[in-house]
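[1] Can you look at this prediction? I've put the sequence above it.
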Amino acid sequence: HWIGIHLSKGTLAKGRNAAVLIAVSDRGNGIPSGELEHIFEPFVRGAEAVNRQVRGSGLGLSVVRALVKEHGGEVHVSSHLGQGTTFEVRLPALS
């Protein structure tokens with residue numbers, strides 16, 4: 001399984017403050033658009049994970065979002081079926 005990690009400089013999406021961007025990508029099946037809007041909610045698990053009986057509580061991404069927000073950052077996701085998913089964390093940079 002391929003996983004890519006990319007670090008770069010940028011800005012927060014909701015402002016002009018400098019930010020550190022951390023992107024984590026895979027080349028997996030992707031996340032269906034109907035599920036994408038709910039993946040950061042507590043206890044939400046994708047249909048494929050449930051069907052394949054993949055263990056998990058559905059709390060991981062809600063915890064990630066809460067921690068990133070507590071540090072003044074943002075987390076975003078983009079996904080394309082059959083191509084993979086990218087999660088991007090933007091954290092304020094020290095000046």
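    Cool, got the structure.

[2] pull the helix or strand with minimum mean pLDDT from the chain.
    Within the chain, judged by mean pLDDT, DSSP states H and E, the helix or strand with the poorest mean is helix 47-51; its value is a mean of 83.

[3] Go through it and flag the buried ones.
    Within helix 47-51, no residue is scored as buried using 16 or more other CB atoms under 10 Å. Quick note: C-beta positions are derived from backbone N, CA and C, even for glycine.

[4] how far does whichever helix or strand comes after that helix sit from the chain's center?
    Once helix 47-51 ends, the next helix or strand along the chain (criterion: DSSP states H and E) is helix 60-70. Taking the mean of its C-alpha atoms, helix 60-70 sits 10 Å from the chain's own mean (CA atoms, centre = their mean, to the nearest Å).

[5] Against which helices or strands is helix 60-70 packed?
    strand 74-80, strand 84-92 (3 or more CB pairs under 8 Å, 6 or more residues apart in numbering; DSSP states H and E).
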